[in-house]
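Enquirer: sequence first, predicted coordinates after that:
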Amino acid sequence: MSEMTSGDARRLAGEIIPPELAVKAMRDSGYKNTAYALAELIDNSVQANASNVELICLEDYEQLSERSRRRSQAIAILDNGDGMTPETLRLALQFGNGTHLTDRKGIGRFGMGLPNSSISQCRRVEVWTWQSGPDNAMYSYLDVDEIEGRLLYAVPEPEPKPLPQEWRNRSQGIGTTGTLVVWSKFDEYRLSWRGALATLRNTEALVGRMYRKFINDGRLSIRLAALTDGEAEPSYDAFVRVNDPLYLMDSSSTPAPFDTSPMFQSWGDEDEVFSIAYDGATHDVVVRMSWAREETVPNDKSDRGAKPYGKHAAKNVGLSIVREGRELDLDSAWTNSYDPVERWWGVEVEFPSTLDEVFGVTNNKQSATVFSQMAQFDWRAEANPGESLSEFRERIQSEGDPRSLLLPIVDHIRQQIQEVRKRLKKQTEGRRTKTDRHDKPTVEDLATTKFRERAEQGHSTEVDAEEFTEADRESFEQDLKEDKHYPENVAEEIANAVMTRKRKVVFLTKAMEGYAFFNVEHKQGGLTAVVFNTNHPFYEQLMESLEPNIGDETDAELMDRIHKAADTLELLFAAWARYELEEVRQQNRLFEMRQEWGKMARFFLTEEEDD
């Protein structure tokens with residue numbers, strides 16, 4: 001090896017990763033936008049036990065030919081946390097280093113937050129930190145230009161440097177301990193938003209969601225301030241409000257009337273807790289769900305999605321993945337993006353940092369890759385021939401696959417999402433038009449006429465003579481609400497219509513177990529209920545396709561509905577044909593059943609029965 005010369009005497013000519021190239025690559029580290037990068041700095045503040053964080057954007061006017069525009073000149077995060085010693089400060093500015101690398105408590109640990117997030121947005125980051133007043137602050141920095149010019153090879157040794165007066169003036173209160181991080185020298189394309197106000201408003205929505213638990217219980221307040229260079233008073237000054245995608249918190253950024261009371265209600269009596277045995281210990285994963293309150297449906301039967309609170313909910317669609325109380329991601333992979341129903345439910349999965357490897361947490365804390373990939377995971381596609389779910393899980397667990405630990409959680413979430421979707425569709429049933437459709441002449445009235453005709457022709461049963469009383473109406477309405485889960489107003493409409501129109505037949509829906517696509521229930525007062533199973537593909541593919549509540553579909557979309565329904569009906573008959581083929585010992589009985597049902601169907605589908 002040749003001798004090293006002056007200037008580069010401290011450097012190796014064959015260094016594995018030249019700093020200037022490494023920094024260039026790290027600048028493209030994958031932060032979704034500026035708000036996510038700023039969230040990394042707030043993580044550091046929370047980890048340092050800060051209760052107050054201030055995000056201050058300093059902007060100035062930039063002249064462009066005949067007009068001027070606002071451009072951010074500096075962005076600062078200031079907190080009242082514990083502050084850092086000179087040794088800790090230097091470690092904090094090193095990539096992949098820090099004081100929480102082996103610490104499994106809190107939201108830190110990866111040692112990438114401060115330098116990585118900073119240089120992803122700016123070319124210079126400066127840090128002042130103090131533990132005995134801001135006059136005794138220690139200072140250090142990173143500068144991309146100096147690194148690329150081979151003028152800076154190591155984090156500068158921290159030096160005493162009082163907190164600048166201009167930043168003291170911009171703050172609402174400097175603590176005896178704390179840290180100030182300042183970004184400056186911005187590239188044209190790095191910041192997601194050029195101006196201070198746009199940066200703050202977009203950041204508020206994100207960090208209000210990320211740190212909602214900390215803000216809601218009073219552990220943390222985050223101030224947002226925009227100032228123009230040379231002006232004393234901020235042009236914008238506000239505190240971050242809670243942005244809860246589950247809409248269960250009392251005070252939030254949700255538009256009125258749900259800004260002071262929850263817009264959603266809990267799904268189920270309590271949270272679901274899954275205990276995971278991993279790395280010699282047991283760790284709890286909590287799954288909580290919510291769905292829209294009845295009050296979200298307007299009394300005038302207009303579209304709730306068009307209301308300000310409905311538009312707010314549309315921006316919070318997804319499954320919230322929460323680590324140590326801080327949200328990593330609002331994962332939309334669990335939703336049907338085309339369905340407006342998705343905005344009216346919420347799911348949160350919360351886990352401790354001890355399960356980072358199981359969930360696949362990335363070092364920039366923006367996602368949990370292993371868990372997110374399971375949104376579309378089908379274990380059958382990877383199972384061996386004839387392998388059951390339990391056998392598949394045991395096999396991949398023996399192979400060290402973390403998905404084996406997550407399968408029960410994923411299965412539970414999928415089942416519950418399906419159930420809540422069905423409940424939400426019922427919530428708006430009967431409110432899509434301005435008339436109460438249950439009290440209009442329907443096929444239920446035609447079926448009732450046929451029931452009575454059959455009785456008059458000598459085929460009467462015990463229930464034909466029964467009368468539907470007020471007590472029967474009350475009992476039926478209660479059944480609709482408690483067993484069929486109809487909204488209160490819809491249950492009342494249906495029950496009233498049965499009584500006033502003297503119906504003997506009613507068509508209902510319910511999520512049922514088993515393979516039957518419908519059930520027949522004989523109610524008090526001689527009422528027969530045909531109950532379609534919403535869990536069966538028959539319901540979605542045929543009944544929903546023929547749903548009379550048509551919205552804004554195009555002619556092509558309406559034709560697709562018809563074709564889908566026709567295909568489903570043919571497949572239904574094909575299923576019966578196959579059933580007859582396989583049930584060799586009952587072929588005669590099945591033939592008789594088909595004949596008798598066909599005869600009854602002919603009676604119901606024609607004006608008069610043919611001999």
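Expert: Sure thing, it's come through.

Enquirer: for Trp345, grab the count of nearby residues.
Expert: 26 (other CB atoms under 10 Å). Every residue, glycine included, has its C-beta placed from N, CA and C.

Enquirer: list the contacts for Ile59?
Expert: You called it Ile, but residue 59 is Glu. Each residue near Glu59 by CB atoms under 8 Å, 6 or more residues apart in numbering is listed here: Arg70, Arg71, Ser72, Gln73, Gly195, Ala196, Ala226, Leu227, Thr228, Asp229.

Enquirer: next one: the nearest residue to Phe476 once chain neighbours are set aside relative to Val520, how far apart?
Expert: Setting aside the residues directly before and after it, Phe476 is nearest to Ala495 in space (CB to CB, 6 or more residues apart in numbering), at 5.0 Å. According to CB to CB, to the nearest Å, Ala495 stands 19 Å off from Val520.

Enquirer: who has more neighbours, these two?
Expert: Ala495 (25 against 9).

Enquirer: what strand or helix carries that one?
Expert: Ala495 belongs to helix 488-500 when assigned by DSSP states H and E.

Enquirer: now do Ala25
Expert: Per DSSP H and E, Ala25 falls inside helix 19-26.

Enquirer: hey, C-alpha coordinates of whichever helix or strand comes after that helix in CSV?
Expert: Proceeding C-terminally, helix 19-26 gives way to helix 34-47 as the next helix or strand, assigned by DSSP H and E. Provided in CSV are the C-alpha atoms of helix 34-47 (Å, rounded to 0.1, in the frame of the first residue of the first chain):
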residue,chain,number,x,y,z
THR,A,34,-41.3,16.5,3.9
ALA,A,35,-43.9,15.9,6.6
TYR,A,36,-42.6,12.3,7.1
ALA,A,37,-39.0,13.6,7.4
LEU,A,38,-40.1,16.1,10.0
ALA,A,39,-41.9,13.4,11.9
GLU,A,40,-38.5,11.7,12.4
LEU,A,41,-37.3,14.7,14.3
ILE,A,42,-40.4,14.8,16.4
ASP,A,43,-39.6,11.1,17.2
ASN,A,44,-36.3,12.2,18.6
SER,A,45,-38.0,14.9,20.7
VAL,A,46,-40.5,12.3,22.1
GLN,A,47,-37.7,9.9,22.8
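
Enquirer: what packs against helix 34-47?
Expert: Here helix 34-47 is seen to pack against strand 52-64, strand 67-79, helix 113-119, strand 178-184, helix 196-210 when contacts are counted using 3 or more CB pairs under 8 Å, 6 or more residues apart in numbering; DSSP states H and E.

Enquirer: and if we set it to 7 Å?
Expert: Contact here means 3 or more CB pairs under 7 Å, 6 or more residues apart in numbering; DSSP states H and E; on that basis helix 34-47 packs against strand 52-64, strand 67-79, helix 113-119, helix 196-210.

Enquirer: within its sheet, name the partner strands of the second one and how each one runs.
Expert: Just to be clear, that refers to strand 67-79. Using DSSP bridges, strand 67-79 pairs in its sheet with strand 52-64 (antiparallel), strand 178-184 (antiparallel).

Enquirer: pick the most buried one from the ones you listed.
Expert: Among the strands paired with strand 67-79, ranked by average contacts under mean count of other CB atoms under 10 Å, first place goes to strand 178-184 (a mean of 24).

Enquirer: pLDDT on it, on average?
Expert: Mean per-residue pLDDT for strand 178-184: 97.

Enquirer: try stretch 236-248
Expert: Mean predicted lDDT for stretch 236-248 stands at 97.

Enquirer: sorry, back to before: helix or strand right after the helix holding Ala495?
Expert: Per DSSP H and E, the first helix or strand lying C-terminal to helix 488-500 is strand 505-510.

Enquirer: what sits up against that following strand?
Expert: With contact meaning CB atoms under 7 Å, 6 or more residues apart in numbering, strand 505-510 is reached by 444, 447-448, 451, 483-484, 494, 498, 527-534.

Enquirer: tell me where the stretch 401-550 of the chain has helices.
Expert: Ranges of helices in the stretch 401-550 of the chain, per DSSP state H, counting those that start in this stretch, are 403-427, 443-454, 470-482, 488-500, 537-538.

Enquirer: same list (those) but as TSV, adding mean pLDDT and distance to Leu319.
Expert: Converted to TSV, the helices of the stretch 401-550 of the chain look like this (pLDDT from 0 to 100; distance: least, CB to CB, whole Å):
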stretch	mean pLDDT	distance to Leu319
helix 403-427	93	7
helix 443-454	89	39
helix 470-482	94	29
helix 488-500	90	29
helix 537-538	81	24
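
Enquirer: looking at these, spot the one closest to Leu581.
Expert: With CB to CB as the criterion, Leu581 lies closest to helix 537-538 of the helices of the stretch 401-550 of the chain, at 20.0 Å.

Enquirer: elements contacting the closest one?
Expert: For helix 537-538, not one helix or strand is in contact under the criterion 3+ CB pairs under 7 Å, 6+ apart.

Enquirer: what's the spacing between it and its chain's center?
Expert: The chain centre lies 27 Å from the centre of helix 537-538; the measure is CA atoms, centre = their mean, to the nearest Å.

Enquirer: can you name the next helix or strand after that helix?
Expert: Using DSSP H and E, the helix or strand that follows helix 537-538 towards the C-terminus is helix 555-582.

Enquirer: before we move on, back to that, would you mark the buried spots in the helix holding Ala495?
Expert: Asn489, Val490, Ala491, Glu492, Glu493, Ile494, Ala495, Ala497, Val498, Met499 (16 or more other CB atoms under 10 Å).

Enquirer: ok so, going back, and the buried ones among the contacts of Glu59, selectable in ChimeraX?
Expert: Selecting only the buried entries of the contacts of Glu59 in ChimeraX, with 16+ other CB under 10 Å as the criterion:
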select :70,71,72,73,195,196,226,227,228
